[in-house]
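Participant: predicted coordinates and the sequence they were generated for:
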Amino acid sequence: MTTASNFRRKLDVGLAHFYNLKVGGTSDTVAALSVGCGLLATSPALSAQLGAFPYSLLPIACTMAGGAWLAWRAMEPWRREHALASSLKIRSDQSPLEPDHTPGATTGGLLVGYTTDSGKPIYIDDEHLMRHLFIIGQSGVGKTVAASLLMFQQIQRGGGLLFIDGKIDAANLAQIYHYCCYTGRQHDFLVINPDDPDNSNTYNPVLFGDADEKADGILQLIPSTETNPGADFFKQEAKQALTTLIRALQRARLAYNVIDLTVLLMNGNAMLELERKLATAAPNSAELKEFTLFLDKFRVQPSPQNPAGGIDMKKLKDVFGGIGGRLYSFGTGKFGQIMNTYDPEVNLYEAIRGNKIIYCALPTMGKDTTARNFGRMVIADLRTAISWLQKLPEKDRPWPPFMAFCDEAGSYLNENWSRIPEQSRSAHVFFVPAVQTVANFQAISDELYEMVIGNAWTKLIFKVGTQGTAEEAAELIGKKIGVLRSLAGTTAESSSMSMLRHLPESNQGAGASMASGEREQEMCIITPDELKGLQKGEAVMTYGGDQIFNIRIPMTKFDKEAQARFGEFRVNRFRAQGLTIDGVHWRPAGFFANVDRYLSTAAVRKETAKAHEEDQKALNAELAKVAELQKAQGDAQAAAPGTAPSSAGSTAPSTAPSTTSSTKTGGFTPDTDAINNRKQKNS
Ligand SMILES: Nc1ncnc2c1ncn2[C@@H]1O[C@H](COP(=O)(O)OP(=O)(O)OP(=O)(O)O)[C@@H](O)[C@H]1O
Ligand SMILES: [Mg+2]
């Protein structure tokens, strides 16, 4: 049964090789003619003419030469097998997409790499790209290089791109710029770079969006504290309050930035001023009623000590917690240079609709909480943009689908990601998160792991570093039913004799037995050890959970001469025109311009320092959890080695398991069972 299916598979592949063989051109025609002429010359009429030596050899030589050439050509697919070096002994499936090579036709997908066995290109079509692509691998194995190949094609085909670079690297910025120059798209290039504000476009992630979405996005800055049962209640209350505040600003047509919000959250008089401005702009609005009702909870009646009355700041701070302090850190220094704007050059929603190419640098990796929070704000802003895109008629959504490449995603990941894969598909946005370990996802929640990783239709798995990650990655690739064979041998010898004897009598015996057993068991299609042995630029790609490819990815790079021609990167500047939304001009909220009047620097610095401390604590706890998870997974492997006891129950060495039938189970469409299984595993 197994041999038959193996044979069938080989036959299918063989036939496919023949089917794909392209015969033609001068040399093939000459060869075919030689064979034809040779055969013709064996006819009685001609052979008589060529009877004499050496002419009689002519037909044989022609037939042999032509035949040899045609045989050589027919063997080409087999010659190309193992075209690229690989330590894995797997045969890749057929490419999910065979691009149309007729002139003018669009590919309708992106090239990911070339199979190691036959050197064939592997493409993914747009429909399946929109089910996302997940990249995992240890540092320096080719994740960014692989994504660069996709980004290059995306830029070349006129598509939009957001590249969030979690490990700021000047070479990455230069490379994207070169891609833009090569394809003539420099004018579409936007840069958000808090590390170098002079060469960055301006960006205000809190400005555009529905009030509740913006409130949600800002609350992402507060670390989740699972241990604090009051945290959820606090977040609900803070979200309600922030939504009311942002609604008031939007209804009064006031443009705001992070400092305006900080002032409002930390100063009661600013709140009252906003109330007055809203009353003038929209006296009968629901937003004014809502805002007044909200402020009523904090109003202080005038008293001899406080004749002016005002707002109970302590109570207000209790509601808004550390949000003000966190927002303030974005309004100062280099971040401030980019974010304190009312007319930002980067409006994510508009940029996606205009197929722009956006490079966003996160200043440092992992350890810095402001950069981490900034990454989360960008993701929250992207989520808002996605929710707007979803509402557009299908023909107005971006096409080709917009690519969001989140490099080093583990360093700015949070719960907010969980719904993104689901929403972005219908918005024509595809996600490409790249990580070094899956533990970052697991440390947050099992649901997040399943939603982001489990739901990715395509997974690119590079060489992984730790045993824990290798285990998880092997599981992502899937399992097959293999046969575990065991061989046990025992030998026994015995001898006996009577000590006191009158006859020369004694017994000796020897025995040997051999037992072999076979047992079917689930095993990894590619083992964790094999994954740890992958080479740089080589990956295992799973597609849809049931197709597997061993691929090599070409590195796209421009030579020095081309780079010199493109020149140094220069940021595109746009003339400030003031903020106009739906034909209505929005005025600046005005708190930022008078920040010194509202905020005492010492007080706000204290708040910011406190927020930083909390964030750092949360980050350390998360990193500790990641390390713990990795360790636990590594230990689990050590405790449960891959070899199961043989059915013969012997202690003799067992042979390596050999595969017979295979059922791939690596997974798309995770269900609650998968989540529960993982929970059990982790607990
Ligand atoms: N496909 C490839 N072909 C040739 N060289 C490659 C390939 N992939 C990676 N390399 C080499 O490895 C280096 C590191 O690759 P890359 O930056 O993609 O690693 P990474 O996985 O993104 O690492 P990190 O997580 O540290 O960012 C590249 O600069 C290049 O020299
Ligand atoms: Mg990288």
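Facilitator: Looks like it came in fine. Ligands and ions are numbered 1, 2, ... in the order given.
Participant: tell me where the model's unsure across the stretch 351-500 of the chain.
Facilitator: Applying pLDDT under 70 to the stretch 351-500 of the chain flags residues 364-367, 496-500.
Participant: all helices of it, in order?
Facilitator: 369-391, 420-426, 439-444, 446-448, 467-477 (DSSP state H, counting those that start in this stretch).
Participant: packing partners for the first one?
Facilitator: Packed against helix 369-391, as judged by 3 or more C-beta pairs under 8 Å, 6 or more residues apart in numbering; DSSP states H and E, are the following elements: strand 161-165, helix 211-219, helix 323-331, helix 348-353, helix 420-426, strand 429-435, helix 601-639. Placement of C-beta: from N, CA and C, glycine included.
Participant: can you tell which of these is closest to residue 259?
Facilitator: helix 323-331 (3.8 Å; C-beta to C-beta).
Participant: so which other helices or strands are in contact with the closest one?
Facilitator: Partner elements for helix 323-331 (3+ C-beta pairs under 8 Å, 6+ apart): helix 211-219, helix 258-266, helix 333-339, helix 369-391, helix 601-639.
Participant: make JSON lines from those and add mean neighbour count to it.
Facilitator: Shown next, in JSON lines, are those (neighbours: other C-beta atoms under 10 Å):
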{"stretch": "helix 211-219", "mean neighbour count": "21"}
{"stretch": "helix 258-266", "mean neighbour count": "27"}
{"stretch": "helix 333-339", "mean neighbour count": "19"}
{"stretch": "helix 369-391", "mean neighbour count": "22"}
{"stretch": "helix 601-639", "mean neighbour count": "15"}
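Participant: now the helices and strands packed on helix 369-391 as TSV including distance to ligand 2?
Facilitator: Formatted as TSV, the helices and strands packed on helix 369-391 follow (distance: least, C-beta to the ion, whole Å):
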stretch	distance to ligand 2
strand 161-165	8
helix 211-219	26
helix 323-331	25
helix 348-353	23
helix 420-426	21
strand 429-435	7
helix 601-639	18
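Participant: check the ones you listed for me: which has the lowest mean pLDDT.
Facilitator: When mean pLDDT is averaged over each of these, helix 601-639 scores lowest at a mean of 77.
Participant: re earlier: okay, the helices of the stretch 351-500 of the chain in CSV with distance to residue 67 next?
Facilitator: Formatted as CSV, the helices of the stretch 351-500 of the chain follow (distance: least, C-beta to C-beta, whole Å):
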stretch, distance to residue 67
helix 369-391, 60
helix 420-426, 54
helix 439-444, 59
helix 446-448, 62
helix 467-477, 44
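Participant: how about the helices and strands packed on helix 323-331 in TSV, adding distance to ligand 1?
Facilitator: Below are those laid out as TSV (distance: least, C-beta to the nearest ligand atom, whole Å):
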stretch	distance to ligand 1
helix 211-219	27
helix 258-266	29
helix 333-339	23
helix 369-391	15
helix 601-639	15
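Participant: need those helices in TSV with distance to residue 544, can you?
Facilitator: Shown next, in TSV, are the helices and strands packed on helix 323-331 (distance: least, C-beta to C-beta, whole Å):
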stretch	distance to residue 544
helix 211-219	32
helix 258-266	42
helix 333-339	40
helix 369-391	23
helix 601-639	26
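Participant: I figured residue 432 hits residue 150, correct?
Facilitator: Yes. Taking C-beta atoms under 8 Å as the definition, residue 432 is a contact partner of residue 150 at 6.8 Å.
Participant: show me what contacts the closest residue to residue 195 other than its chain neighbours?
Facilitator: In space, and not counting its chain neighbours, residue 195 is closest to residue 363: 4.7 Å by C-beta to C-beta, 6 or more residues apart in numbering. Counting by C-beta atoms under 8 Å, 6 or more residues apart in numbering, residue 363 makes contact with 168, 194-195, 334, 370-371, 374.
Participant: tell me the one among those residues nearest to ligand 2.
Facilitator: Proximity of those to ligand 2 (C-beta to the ion) peaks at residue 168, which lies at 11.0 Å.
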